[in-house]
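Enquirer: Sequence first, then the predicted structure, then my questions.
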Amino acid sequence: MSKEETFDENIILKVDDLHTYFFTEDGVVKAVDGVTFDVQRGEVLGLVGESGSGKSVTAMSILRLIPQPPGKIISGDVLWKGKSILEVPESGMRSIRGNQIAVVFQDPLTSLNPVLTIEDQINEAIMLHQQVTKDEATEKTRTLLDLVGIPDAGKRLKDYPWQFSGGMRQRVMIALALSCNPDLLIADEPTTALDVTIQAQVLDLMRDLKNRFQTSIILITHDIGVIAEMCDRVAVMYAGNIVEIGDVVTIFKEPKHPYTKALLKSIPDANARRDDELYSIPGTIPNLINPPTGCRFHPRCSEAMPECSEIIPDTIELVPGHFVKCLLFTNQIKKK
Ligand code: SF4
């Protein structure tokens with residue numbers, strides 16, 4: 001039986017042993033190196049890790065937006081509603097990107113066209129995918145701007161992106177993303193450039209939209225604090241691998257992977273004294289042209305054992321739905 005025939009229809013997206021590499025003059029960057037996860041209908045999955053861990057490359061691979069060359073999906077698969085997107089022709093991919101999977105990036109100014117009004121940009125997206133007149137599209141655009149909390153939406157239709165504040169631009173981006181009623185929204189660091197109050201408002205908005213429309217969301221962030229507020233499940237990425245995945249409550253209460261524990265330790269504590277130093281994980285994320293042998297986290301791991309520099313850990317399911325890629329757990333299983 002083929003992979004597609006066995007697909008569970010509650011799983012809207014399945015990323016299966018994905019390897020995406022970049023062929024550069026300095027060598028092959030193994031940016032995503034064997035990533036597997038799925039997204040269920042209506043859930044928010046967080047992808048968290050430091051910059052350079054492969055989160056955005058994973059998202060770009062799902063959308064088939066990896067610049068080729070130098071990038072290439074080397075192996076693995078991405079199944080969208082049970083069908084491999086790697087086999088979809090580019091015209092079909094454009095339709096999936098516009099109609100079914102939408103993206104919101106960190107900096108809306110790079111995604112919005114500076115010389116078109118907001119009305120023109122959202123209208124264009126609506127009219128590209130739906131059989132509506134210009135007036136109907138404008139009405140839909142106004143409703144969307146209202147929905148995402150732009151005050152006086154009707155009056156702001158003729159404004160240009162630069163006339164909006166950072167938080168409002170991010171709302172416009174979300175309105176644009178929602179204009180096609182997507183089944184999946186990929187939000188890549190959507191609140192990183194915003195101050196804390198606006199960040200909370202944009203997260204509230206996304207949570208509200210998910211509850212209203214049952215849109216699945218992949219939320220990509222380096223900030224594990226954001227994950228706690230938004231996500232049902234979380235996948236922790238390190239140096240091109242997922243090192244731990246499970247439901248948010250379990251991961252926050254009982255993190256197992258030393259990297260997850262370190263990320264959680266680095267969340268600022270609201271009760272900390274002002275002179276308490278904020279914990280930061282020692283060392284830096286490795287060069288993915290020559291990643292460390294064995295477990296890629298071993299040079300930075302406080303629990304590393306001699307074998308960690310030699311053996312690549314398998315991913316073990318500790319309890320249903322909670323997976324970890326660390327020799328501490330492989331060894332425990334072997335000892336039983
Ligand atoms: Fe640390 Fe070893 Fe586990 Fe890697 S395999 S996270 S180095 S204990």
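Expert: Nice, thanks for sending it over.
Enquirer: When you work out contacts or count neighbours from here on, use the C-alpha atoms and nothing else.
Expert: Fine.
Enquirer: which ones are touching the residue of the stretch 1-150 of the chain found nearest the ligand?
Expert: Minimum separation of the stretch 1-150 of the chain from the ligand (Cα to the nearest ligand atom) falls at G49, amounting to 14.2 Å. Contacts for G49 (Cα atoms under 8 Å, 6 or more residues apart in numbering) come out as 55, 221-224, 236-238.
Enquirer: Buried among those residues? Need that as a selection in ChimeraX.
Expert: Buried residues among the contacts of G49 (16 or more other Cα atoms under 10 Å), as a ChimeraX selection:
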select :55,221,222,223,224,236,237,238
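Enquirer: pLDDT weak spots in the stretch 101-250 of the chain?
Expert: Within the stretch 101-250 of the chain, the segments meeting pLDDT under 70 span 108-109.
Enquirer: at 90 instead, please
Expert: In the predicted model, the stretch 101-250 of the chain carries pLDDT under 90 at residues 103-114, 125, 128-131, 144, 146-149, 165-171, 173-181, 188-214, 222-226, 228-230.
Enquirer: Could you tell me how far the spatially closest residue to A262 that is not a sequence neighbour is located from A235?
Expert: Spatially, and ignoring its direct neighbours in sequence, A262 is nearest to I281 (6.3 Å; Cα to Cα, 6 or more residues apart in numbering). As for I281, its distance to A235 is 18 Å (criterion: Cα to Cα, to the nearest Å).
Enquirer: if you count what's nearby, which of these two comes out ahead?
Expert: Set side by side, I281 and A235 show more neighbours around A235, with 28 against 14, by other Cα atoms under 10 Å.
Enquirer: what about the host helix or strand of the more buried one, distance to the chain center?
Expert: Assigned by DSSP states H and E, A235 belongs to strand 233-238. Strand 233-238 sits 10 Å away from the centroid of its parent chain (Cα atoms, centre = their mean, to the nearest Å).
Enquirer: what about D16, which SS state?
Expert: When classified by DSSP: H, G, I helix; E, B strand; the rest coil, D16 comes out as strand.
Enquirer: Let me know the closest of the contacts of G49 to the ligand.
Expert: Closest to the ligand, out of all of the contacts of G49 and judged by Cα to the nearest ligand atom, is Y238, at 10.1 Å.
Enquirer: count of residues packed around the closest residue to V32 other than its chain neighbours?
Expert: Once flanking residues are discounted, V32 sits nearest to G240: 4.2 Å by Cα to Cα, 6+ apart. Other residues near G240 number 27, with proximity taken as other Cα under 10 Å.
Enquirer: these two touch, right, G240 and G54?
Expert: Yes - contact status for G240 versus G54: in contact at 4.9 Å, counting by Cα atoms under 8 Å.
Enquirer: who touches both of the two?
Expert: Both G240 and G54 are in contact with 31-32, where contact means Cα under 8 Å, 6+ apart.
Enquirer: Break down the chain into its helices, ranges please.
Expert: 55-62, 90-99, 108-111, 118-129, 134-147, 153-156, 166-178, 196-213, 224-230, 248-253, 258-265, 327-335 (DSSP state H).
Enquirer: For stretch 133-143, which outside residues touch it?
Expert: Applying Cα under 8 Å, 6+ apart, the external contacts of stretch 133-143 come out as 119, 122-123, 126-127, 153-154, 157, 175, 179.
Enquirer: Ok, stretch 303-321 next?
Expert: Residues outside stretch 303-321 that contact it (Cα under 8 Å, 6+ apart): 243, 245-247, 258, 292-295, 298, 323-327, 329-330.
Enquirer: Mark which of those are buried, thanks.
Expert: Buried members of the contacts of stretch 303-321, scored by 16+ other Cα under 10 Å, are 243, 245-247, 258, 292, 295, 298, 323-327, 329-330.
Enquirer: can you narrow the residues you listed to ones near the ligand?
Expert: Restricting the buried ones among the contacts of stretch 303-321 to those touching the ligand (Cα under 6 Å from any ligand atom) yields 258, 295, 298, 326-327.
Enquirer: so how far is the ligand from the spatially most central residue of the chain?
Expert: With distances taken as Cα atoms, centre = their mean, I220 lies nearest the centre of the chain, 3.1 Å away. As judged by Cα to the nearest ligand atom, to the nearest Å, I220 and the ligand stand 22 Å apart.
Enquirer: give the contact list for that residue.
Expert: Shown in contact with I220 (Cα under 8 Å, 6+ apart): 46-48, 55-56, 186-190.
Enquirer: For the buried ones among these, write the corresponding PyMOL selection.
Expert: Buried residues among the contacts of I220 (16+ other Cα under 10 Å), as a PyMOL selection:
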select buried, resi 46+47+48+55+56+186+187+188+189+190
